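Q: Give me a model of this one.
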Amino acid sequence: MTIFYSIGTMYPAQVGGPSNVVYWLAKALSCRNIAVKIAATDKGINDLSISLNKSIKTPFGEVIYARTPILYFPIRLISLSLKPLLKSDVVHVNGLFYPASFVLATIAVIIGKPVVWSVHGELYPDALKFSPRRKKWLLSYIKCFLAKQVTFHATAQEEVKYIREHFGKKVKLIEIPVLMEVPEKLNLPKDDYILFLGRLHKIKAIDRLIEAFYNSSVCSDKNTALVIAGPDDTEYADYLKKMVKSLELEHRVHFTGHTDGQVKEALLAKAKCLILPSYTENFGIVVTEALAQGTPVIASKGTPWEVLNTYKAGFWVDNSSDELCKALNKMLSLSSDQYDQYVNNSIRLVDEMYNVDKQIHKWIDLYQQLSENEG
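A: Below you'll find the predicted structure:
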């Protein structure tokens, strides 16, 4: 059985969660002797030893990194995808509105290939607010010509609801959470900072986090810092920095820019907790990355992380600045024994629910079923 993945950016690029998610999935499949072929752009590929525009063998399958000067004009990516697509048993595209996704999904449907389509949170109402006219047209196209022929992939029940709202109650779909290769836990002491890690975008509601941090008496009393890690060359990042300055928090709020690799893992491991205050997220891979390092998480109710409350691995709260402030105060006021229990629960949660090696059978079963139906 051969699985073909199309994605905008791919590991070792670190420009979005899906880059790593597909890598972890492909690696787990390859280790089980399932052939994997992947086509992606070269965005985020800084290793000059990686050849572009041709298939290269890796531990996670055969990969083509297509030279793509403009990410949303992936002509070469589409053309280089045709050969591996034709030779695959199942086509798995990522990102609902990425041009390569709907072009390759269309081709696969026309020639009778089974298609899995990972939506990656792009049907959430807050996500649809951006470029609404273009997305409305594409949604109509997908609904009319593709929706009945593909299997949509959702990572949470809320995403299942949005898929059915847009494409019909009888649409084929599967719900599988984002799975990860659990990294080695770094044995580093906790430091006195809370962490936001991700894109600095309005949808992340980082301004509400800063306001909550400013109003937190416990953060102030403990002289706790707030570290904001992510590419900070956007207008929203400039707005956040001005906000920090106006609140006179420059000595306690630190913007680190983009981080990855061991630096990122250490940042996650040493944090007192991770905060994900987003208005909406279909998953939030950074949550599992933090939990795997034994770092409890405070996540907003715009994310599918109610399980944090169930496992006592963090708090799932409204993303108003008042509720975020209360959660921060509660987290930082835990006794040493209570906090250690949250740390242990965090590690257990990831291992039991999101470990790709323990859950990969869900994807294998789906691919085999689709492949057999094709035959």
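Q: Could you use CA atoms for every contact and neighbour count after this?
A: Fine.
Q: chain center to stretch 42-49, what's the gap?
A: Chain-centre distance of stretch 42-49: 20 Å, with CA atoms, centre = their mean, to the nearest Å.
Q: Can you check the distance spanned by it, start to finish?
A: 12 Å (CA to CA, to the nearest Å).
Q: What residues sit buried inside that stretch?
A: By neighbour count with 16 or more other CA atoms under 10 Å, stretch 42-49 contains the buried residues 42, 43, 45.
Q: how close does the nearest residue to the second one once chain neighbours are set aside sit to residue 52?
A: Once its chain neighbours are removed from consideration, residue 43 has its nearest residue in residue 9; the separation is 6.0 Å (CA to CA, 6 or more residues apart in numbering). Relative to residue 52, residue 9 is positioned 13 Å away (CA to CA).
Q: what sits in contact with each of the two?
A: The overlap between the contact sets of residue 9 and residue 52 (CA atoms under 8 Å, 6 or more residues apart in numbering) consists of residue 42.
Q: Please settle this for me: is residue 194 part of a strand?
A: Yes. Counting by DSSP: H, G, I helix; E, B strand; the rest coil, residue 194 falls inside a strand.
Q: Report how many residues lie close to it.
A: Residues lying near residue 194 (other CA atoms under 10 Å) number 25.
Q: Check the one 4 residues further on too.
A: When counting by other CA under 10 Å, one arrives at 21 neighbours for residue 198.
Q: just to revisit the earlier point, what residues are up against the residue nearest to residue 43?
A: 15, 16, 18, 19, 40, 41, 42, 43, 44.
Q: Repeat that for residue 319.
A: So residue 319 contacts 205, 208, 277, 278, 279, 300, 301, 302 (CA under 8 Å, 6+ apart).
Q: redo that, cut-off 7 Å
A: Applying CA atoms under 7 Å, 6 or more residues apart in numbering to residue 319 gives the contacts 277, 300, 301.
Q: Scan those residues and report the most crowded one.
A: residue 277 (28 neighbours).
Q: quick one, phi/psi of the closest residue to it other than its chain neighbours?
A: Spatial nearest neighbour of residue 277, excluding adjacent residues (CA to CA, 6+ apart): residue 300 at 4.9 Å. The phi and psi values for residue 300, taken as degrees, to the nearest 10, are phi -80, psi 160.
Q: Would you mind measuring from residue 300 to residue 207?
A: 14 Å.
Q: Roughly how far does residue 305 sit from residue 311?
A: Taking CA to CA, one finds residue 305 at 11 Å from residue 311.
Q: Please say which of the two ends up with more neighbours.
A: Per other CA under 10 Å, whichever of residue 305 and residue 311 has more neighbours is residue 305, with 24 against 14.
Q: thinking again about what came up before, which of the contacts of residue 319 lies closest to residue 151?
A: residue 301 (27.0 Å; CA to CA).
Q: got a list of what the closest one touches?
A: 316, 317, 318, 319.
Q: Show me where this structure has its strands.
A: 2-6, 35-41, 55-58, 61-66, 90-94, 115-118, 150-154, 172-175, 193-197, 225-229, 253-257, 273-276, 297-300, 314-317 (DSSP state E).
Q: These into CSV, with extra columns for mean pLDDT and distance to residue 109?
A: Converted to CSV, these look like this (pLDDT from 0 to 100; distance: least, CA to CA, whole Å):
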stretch, mean pLDDT, distance to residue 109
strand 2-6, 98, 14
strand 35-41, 98, 18
strand 55-58, 97, 24
strand 61-66, 98, 22
strand 90-94, 98, 10
strand 115-118, 98, 7
strand 150-154, 97, 8
strand 172-175, 96, 14
strand 193-197, 98, 38
strand 225-229, 97, 41
strand 253-257, 96, 41
strand 273-276, 98, 37
strand 297-300, 98, 37
strand 314-317, 98, 40
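Q: and those as JSON lines, adding distance to residue 370?
A: Supplementary listing: those in JSON lines, determined by distance: least, CA to CA, whole Å:
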{"stretch": "strand 2-6", "distance to residue 370": "11"}
{"stretch": "strand 35-41", "distance to residue 370": "15"}
{"stretch": "strand 55-58", "distance to residue 370": "25"}
{"stretch": "strand 61-66", "distance to residue 370": "20"}
{"stretch": "strand 90-94", "distance to residue 370": "7"}
{"stretch": "strand 115-118", "distance to residue 370": "8"}
{"stretch": "strand 150-154", "distance to residue 370": "9"}
{"stretch": "strand 172-175", "distance to residue 370": "11"}
{"stretch": "strand 193-197", "distance to residue 370": "37"}
{"stretch": "strand 225-229", "distance to residue 370": "40"}
{"stretch": "strand 253-257", "distance to residue 370": "42"}
{"stretch": "strand 273-276", "distance to residue 370": "35"}
{"stretch": "strand 297-300", "distance to residue 370": "35"}
{"stretch": "strand 314-317", "distance to residue 370": "36"}
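Q: Great, nothing more from me.
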